[in-house]
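J.: Generate coordinates for the sequence data below:
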Amino acid sequence: MGQKVNPNALRLGILHSWDSRWFSDRKRNYRMMLVEDIRLRQMLQSNLRAALISKVEIERSIKKIDITLHVGRPGVAIGRGGEELAKIKKAVENFFSKKKENLKIDLKIEPIKKPDLDPYLVALNIADQLVRRIPHKRAVKQAIARVMNTGAKGVKVALSGRIAGAEIGRREKYGEGTIPLSTIRENVLFAKIPAMTKSGYVGIKVWIGV
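T.: Sure thing, here's the model as predicted:
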């Protein structure tokens, strides 16, 4: 079972918490708030790609929304004198202004202490190298070495698609150490993103045992 499901979902409520934390009294409101969360995350990750946003946590109450951005480059997200942070907050306020009035928004920047142990940032780094046409084996092996040197118990990387411009899509796996996917008490972090290369999409999945 642990080999098939998303490792993050399997450990929800045990080792991991939900990225969105709120309650809805009606199904219609639930759908609306869920779509809001998805679009807000897309907007923030698109506008702040250089800041390396790994995760956006959203916690709602009746009159307040707490948003926490986990970023790999906090200096880029905050900007000189907090200039960029003010722009982000203004964009978030404009996002909600048409739908809700008198809503207080609290925006926080949380720096990621060990970026090489964050699977999303590791996958993003591999994707950027593939787009720049760096050999995939070199990109993956360098990423695995950095993860293991940072203190991970194990790491696994899977690539799928038109790897290295191949005519026929294939799947390749690389790894080091141990990744006990079926053991719930073991903390395994997971992320997946696509890389749009000149030949086509290459899917990247990263598992990290910490």
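J.: which secondary structure elements does the least confident helix or strand in the chain by mean pLDDT contact?
T.: Within the chain, no helix or strand scores below helix 83-97, which has a mean of 88 by mean pLDDT, DSSP states H and E. In terms of contacts (3 or more CB pairs under 8 Å, 6 or more residues apart in numbering; DSSP states H and E), helix 83-97 is packed against helix 27-47, strand 64-71, helix 74-78, strand 104-111. C-beta here means a position set from N, CA and C on the backbone, and glycine is covered the same way.
J.: Which residues does that helix contact?
T.: If you take CB atoms under 8 Å, 6 or more residues apart in numbering as the criterion, helix 83-97 is touched by 36, 39-40, 43-44, 47-48, 65, 67, 69, 76-79, 103, 105, 107, 109.
J.: Buried by neighbour count, from these: which ones?
T.: The neighbour-count test (16 or more other CB atoms under 10 Å) marks 36, 40, 44, 48, 65, 67, 69, 77-78, 105, 107, 109 as buried among the contacts of helix 83-97.
J.: circling back to that earlier point, may I see the buried residues of the least confident helix or strand of the chain?
T.: 84-85, 88, 92.
J.: Same list, the residues you listed, but as TSV with distance to Ser24 please.
T.: Converted to TSV, the buried residues of helix 83-97 look like this (distance: CB to CB, whole Å):
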residue	distance to Ser24
Glu84	32
Leu85	29
Ile88	26
Val92	20
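J.: Which pLDDT value belongs to the spatially most central residue of the chain?
T.: Among the residues of the chain, the one closest to the centroid is Ser54, at 3.8 Å (CA atoms, centre = their mean). For Ser54, the pLDDT comes out at 94.
J.: mind checking which helix or strand Leu121 is in?
T.: Applying DSSP states H and E as the criterion places Leu121 in helix 119-131.
J.: what's the angle between the helix or strand just after that helix and helix 119-131?
T.: For helix 119-131, the following helix or strand on the C-terminal side (DSSP H and E) is helix 136-150. In terms of direction (axes from the mean of the first three to the mean of the last three CA atoms, to 10 degrees), helix 136-150 departs from helix 119-131 by 150 degrees.
J.: in stretch 179-186, what's buried?
T.: Neighbour counts over stretch 179-186 (16+ other CB under 10 Å) mark 179, 181, 186 as buried.
J.: so can I have JSON lines of these showing distance to Glu172?
T.: Listed next are those as JSON lines, based on distance: CB to CB, whole Å:
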{"residue": "Ile179", "distance to Glu172": "16"}
{"residue": "Leu181", "distance to Glu172": "19"}
{"residue": "Glu186", "distance to Glu172": "25"}
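J.: related to what we said a few turns ago, show me the one of the helices and strands packed on helix 83-97 that comes nearest Thr197.
T.: helix 27-47 (19.6 Å; CB to CB).
J.: Just the CA atoms of that closest one, as PDB, please.
T.: What follows is helix 27-47, C-alpha atoms only, in PDB (Å, rounded to 0.1, in the frame of the first residue of the first chain):
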ATOM      1  CA  LYS A  27     -20.900  22.000   0.600                       C
ATOM      2  CA  ARG A  28     -21.100  25.100  -1.700                       C
ATOM      3  CA  ASN A  29     -18.900  27.100   0.500                       C
ATOM      4  CA  TYR A  30     -16.400  24.200   0.800                       C
ATOM      5  CA  ARG A  31     -16.100  24.000  -3.000                       C
ATOM      6  CA  MET A  32     -15.600  27.800  -3.200                       C
ATOM      7  CA  MET A  33     -12.900  27.900  -0.500                       C
ATOM      8  CA  LEU A  34     -11.100  24.900  -1.900                       C
ATOM      9  CA  VAL A  35     -10.900  26.600  -5.300                       C
ATOM     10  CA  GLU A  36      -9.700  29.800  -3.700                       C
ATOM     11  CA  ASP A  37      -6.900  27.900  -1.900                       C
ATOM     12  CA  ILE A  38      -5.800  26.300  -5.200                       C
ATOM     13  CA  ARG A  39      -5.800  29.500  -7.200                       C
ATOM     14  CA  LEU A  40      -4.000  31.400  -4.400                       C
ATOM     15  CA  ARG A  41      -1.200  28.900  -4.300                       C
ATOM     16  CA  GLN A  42      -0.900  29.000  -8.100                       C
ATOM     17  CA  MET A  43      -0.700  32.800  -8.000                       C
ATOM     18  CA  LEU A  44       1.900  32.900  -5.200                       C
ATOM     19  CA  GLN A  45       4.100  30.200  -6.800                       C
ATOM     20  CA  SER A  46       3.900  31.900 -10.200                       C
ATOM     21  CA  ASN A  47       4.700  35.400  -8.900                       C
END
